[in-house]
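Q: can you look at this prediction? I've put the sequence above it.
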Amino acid sequence: MELHDQIVVITGAAAGIGRALALRIARERPARIICADIDVHGATETARLVDGVAMQVDVAQDAQIAALIDGVETDIGPIGLFCSNAGIMIHGGCEVPDADWQRIWDINVMAHVRAARYLVPLMAARGGGYLLNTASAAGLLNQIGAAPYGVSKHAAVGLAEWLAISHSDQGIKVSVLCPQAVRSDMLHGDENSVAAIDGIMEPDIVAEACVQAIRDETFLILPHAEVLGYMRNKAVDYDRWIAGMRRLNRRFCGSS
């Protein structure tokens, strides 16, 4: 898909990958970039940088996602690319309270579900469109020390796969972004975590990988090349992979 003259919506656009996506996509001369975030000040600054439109949106709220899509479709035009990029991190294991599990589920999974729920019929009716969902390498591997994050990102990858399988024949293309550590507010104070074991990537490099994948209509976006090797190791010998992850768990969490 070429992004020239497309209307693009980016959630989580106030900073990090979201802002980098807006800046990189702007170079493709889209018709308009809509920068959505719960942080309206950050979204407004991103919109200023790309001559876009800022909208305050809490992606945990179904009604706000519906209003975002309806507002853009009604007042600006048909959405060609929707970047469902907002996400949060919650550390801990099964002891994490249900309310926190629900919050990360609403943002890291259901925000993608709801965007697709409203957009897929619209895109299908006009012959196509593009969904870019931000997940994580944690959705392909896992996340040491953060069960809610690892589980929710696995679900996000599964949803993206399902959308690609179910709706490609309607002209709807899907890509899922699965980076390791990216310099962002989410990583602030956690720069020595296991996610950064292969280094911390700058958001602009991730954004470049996304634009190339959209142009090539590639499903899986792996800015960190090492992740593909880890996936292969997991598939070849699951028990050996679990043993390696246990060693990482002992190293980073002190578990015996």
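A: That came through fine.
Q: any chance you could map the strands in the stretch 101-250 of the chain?
A: 129-134, 172-177, 220-221 (DSSP state E, counting those that start in this stretch).
Q: can you redo those as a markdown table with mean neighbour count?
A: For glycine as for every other residue, the C-beta is placed from the backbone atoms N, C-alpha and C. Formatted as a markdown table, those follow (neighbours: other CB atoms under 10 Å):
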| stretch | mean neighbour count |
| --- | --- |
| strand 129-134 | 26 |
| strand 172-177 | 24 |
| strand 220-221 | 19 |
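Q: TSV for those, including mean pLDDT and distance to Leu21?
A: Formatted as TSV, the strands of the stretch 101-250 of the chain follow (pLDDT from 0 to 100; distance: least, CB to CB, whole Å):
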stretch	mean pLDDT	distance to Leu21
strand 129-134	98	8
strand 172-177	98	9
strand 220-221	98	12
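Q: can you put these in JSON lines and add distance to Met89?
A: Compiled in JSON lines, the strands of the stretch 101-250 of the chain are given as follows (distance: least, CB to CB, whole Å):
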{"stretch": "strand 129-134", "distance to Met89": "13"}
{"stretch": "strand 172-177", "distance to Met89": "16"}
{"stretch": "strand 220-221", "distance to Met89": "19"}
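Q: out of those strands, nearest to Arg48?
A: strand 129-134 (22.5 Å; CB to CB).
Q: got the CA positions of that closest one in PDB?
A: What follows is strand 129-134 as a C-alpha-only set of coordinates in PDB (Å, rounded to 0.1, in the frame of the first residue of the first chain):
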ATOM      1  CA  GLY A 129      -7.800  -0.600   3.800                       C
ATOM      2  CA  TYR A 130      -4.900  -1.300   6.100                       C
ATOM      3  CA  LEU A 131      -4.600  -2.100   9.800                       C
ATOM      4  CA  LEU A 132      -1.300  -1.800  11.600                       C
ATOM      5  CA  ASN A 133      -1.400  -3.200  15.100                       C
ATOM      6  CA  THR A 134       1.400  -2.600  17.600                       C
END
